[in-house]
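Visitor: starting from these lines, generate the structure:
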Amino acid sequence: MGFPGDDGRLPVIYVRGFAGTGSAINNAVDDPFYGFSQGSVHVRADGNGRAKFHQFESPMLRLVTDHKYEVPVHGDQWAFLNGVDSGSVNPASVWIHRFYDDSADTFGEEGERFSFEDAARDLFELIKLVLEKTGAPKVFLVAHSMGGLICRSLLQRVIPETLAGTEGKIDPAAGARYVARVFTYATPHGGIRFAVGFGLLEKIRDVLGVQGADIFGPDRMYEYLTPPALRRRLTRKAFVGTQMPDDGFPLDELFCLVGSNPGDYDVALGLSSKAVGARSDGLVQIDNAAVQGAPLAVVHRSHSGRYGIVNSEEGYQNLQRFLFGDLKIEVELAGFTVGKAAPPEVEFQLDVGLAIRGLPVMVHEQSAAHFCPVQIEHWKEGDPIDSPLPLLTTFLSSKAPRPRVGGREVPRLRHALMLRLMSIREKEGHFFFDDHLEQTEDWQDTLVVDIEPPGEDRPLPRAWAAWNSTIPSAVRDWNPEDKDQLRDMDNTPGRWRGHIGVPDFAKDFLGAKAGIILTVTPRTLVL
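Guide: Reported below is the predicted structural model:
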């Protein structure tokens, strides 16, 4: 195996979401893998327009098959770990934080009351045991829903307090000594709010603690995310759930996967999704599902269930690229002056999608149809919009198997950025449709990008790009030419940055200097 972690495969610990009380906890405990072994079946149109079967195994099984991970449960993972020698277990292993077991009553005993703080403390104990028995320097944490808040409590309070010592000095970044990267599926980082009730439902929940759901309110979140020793500086009044301390766990090592499909979330006969609102995954509103400053992706999946975000191909593809990817790709919009000739009440919205060659799904999708487009600032006379607008961050792996085309493995990593700009007239909270053409874009195009990873004699990548509107063939048949190669316009060591302008015919509308900036940064595990 070599030195633990030297191939990028650290132990993975899964942390599940909220189960409430009673039968829901029992059902969670009855599952050996707390739900992370559940797959799904999807359909897509075939050549005759008929629905065709497509199977996704599960995020855990795919780690086993794609990355050769082991799942050494052997009856009881705690008993197994305590019974083996230190350093004898494969670091490329999967573990489940089974924090609900003591709260179940299926073992003939009355279950204990679930404690969020105990779950966070027990997670630290599991991490230390896994590190001892595997010899790995750190772990990966992968969490769904409330599990992401348990991970944040671990990183923001439990580990810093435990390591504070006799002097009580808190190091907010202490969690990075044990955890390399954190991936959250549909976590309510900003708590859970409702689109109905004018705040009354949240107050009732937080005061009464209905089924323990007050953990999603700001008061309880402040308690388990903020060490008492820091509360004079990090006050409750200034607390924002979606913010993590600047000097804490590095945000670049935290990824938030956000769902945008409330319609398929059928908990409580669909009442949950109605209460939370359309701009959500059915339980967590989009604005509350990510930590500010952390990389994220939006996918059209519900919080859980048949079309849930965890048991989805979209979720797994983002997961494996974030955990094992060695290239960070940042995409920004630059130089757009759209709306020069439009009245101020006309608003512009940009649909953004990202596809990667060889995958059957989109790995990022923001759209007006899903209530999460990118809002484009209206151009104002004397106030040009020249600051780059971040669109998305994704990760690629130069070591991942690549598709074979014509019997030969492709030499470059290809992805496509789909952009669709639409406008609508809105004034004083009302829409006006006099001159509106529904679902008709003002501009749309797809930027096809090929990235060649760094080589032994070349420390930085190279990239080629072309707009689909300028490619005379099918995209799959596009072969980049010298004219398509992007020049590195950044002298910063260890970073490549290129710019591609929009096609000439679109510049009058979008801006003379309108274009896309791509930044590619080689990425390594900090161990």
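Visitor: could you look up the SS state of Arg9?
Guide: Three-state call for Arg9 (DSSP: H, G, I helix; E, B strand; the rest coil): coil.
Visitor: give me the secondary structure label for Gly148.
Guide: Reducing the assignment to helix, strand or coil with three-state DSSP, the entry for Gly148 is helix.
Visitor: now swap in the one 3 residues further on and tell me
Guide: For Cys151, the assignment made with three-state DSSP gives helix.
Visitor: mind listing what it touches?
Guide: Each residue near Cys151 by Cβ atoms under 8 Å, 6 or more residues apart in numbering is listed here: Val15, Leu123, Leu141, Ala143, Val179, Val182, Thr184. Backbone N, C-alpha and C define where each C-beta goes, glycine included.
Visitor: hey, what's the third one bridged with?
Guide: According to DSSP bridges, the residues that bridge with Leu141 are Ile13, Val182.
Visitor: tally of neighbours for it?
Guide: The criterion is other Cβ atoms under 10 Å. On that basis, Leu141 has 29 neighbouring residues.
Visitor: give the contact list for it.
Guide: Neighbouring residues of Leu141 by Cβ under 8 Å, 6+ apart: Val12, Ile13, Val15, Cys151, Leu154, Val179, Arg181, Val182, Phe183.
Visitor: right, and the fifth one touches Ala174 too?
Guide: Meaning Leu154. No - between Leu154 and Ala174 no contact is recorded; they are 10.4 Å apart, counting by Cβ atoms under 8 Å.
Visitor: could you check how far the residue lying closest to Pro343 once chain neighbours are set aside is from Gly165?
Guide: In space, not counting the residues next to it along the chain, Pro343 is nearest to Arg425; the distance is 7.9 Å by Cβ to Cβ, 6 or more residues apart in numbering. From Arg425 across to Gly165, the span is 61 Å (Cβ to Cβ, to the nearest Å).
Visitor: who has more neighbours, these two?
Guide: It is Arg425, of Arg425 and Gly165, that has more neighbours when counted by other Cβ under 10 Å, with 16 against 9.
Visitor: can you check the pLDDT for the residue lying closest to Gly325 once chain neighbours are set aside?
Guide: Across the structure, with Cβ to Cβ, 6+ apart as the measure, the residue nearest Gly325 apart from its sequence neighbours is Phe395 (3.3 Å). As summarised for this prediction, Phe395 has a pLDDT of 95.
Visitor: measure Phe395 to Val89 for me?
Guide: In this view, Phe395 and Val89 are 27 Å apart by Cβ to Cβ.
Visitor: next, count neighbours for Pro453.
Guide: Burial of Pro453, expressed as a neighbour count using other Cβ under 10 Å, amounts to 19.
Visitor: check Phe433 too.
Guide: Neighbour count for Phe433, taken as other Cβ under 10 Å: 9.
Visitor: where does the prediction get shaky in this protein?
Guide: For the chain, the stretches with pLDDT under 70 are 1-6, 44, 108, 269, 379-387, 436.
Visitor: need the longest strand for it.
Guide: Under DSSP state E, the strand in the chain containing the largest number of residues is strand 413-427.
Visitor: so which bits of it are buried?
Guide: Neighbour-count burial for strand 413-427, with 16 or more other Cβ atoms under 10 Å as criterion, is recorded at Leu413, Arg414, His415, Ala416, Leu417, Met418, Leu419, Arg420, Leu421, Met422, Ser423, Arg425.
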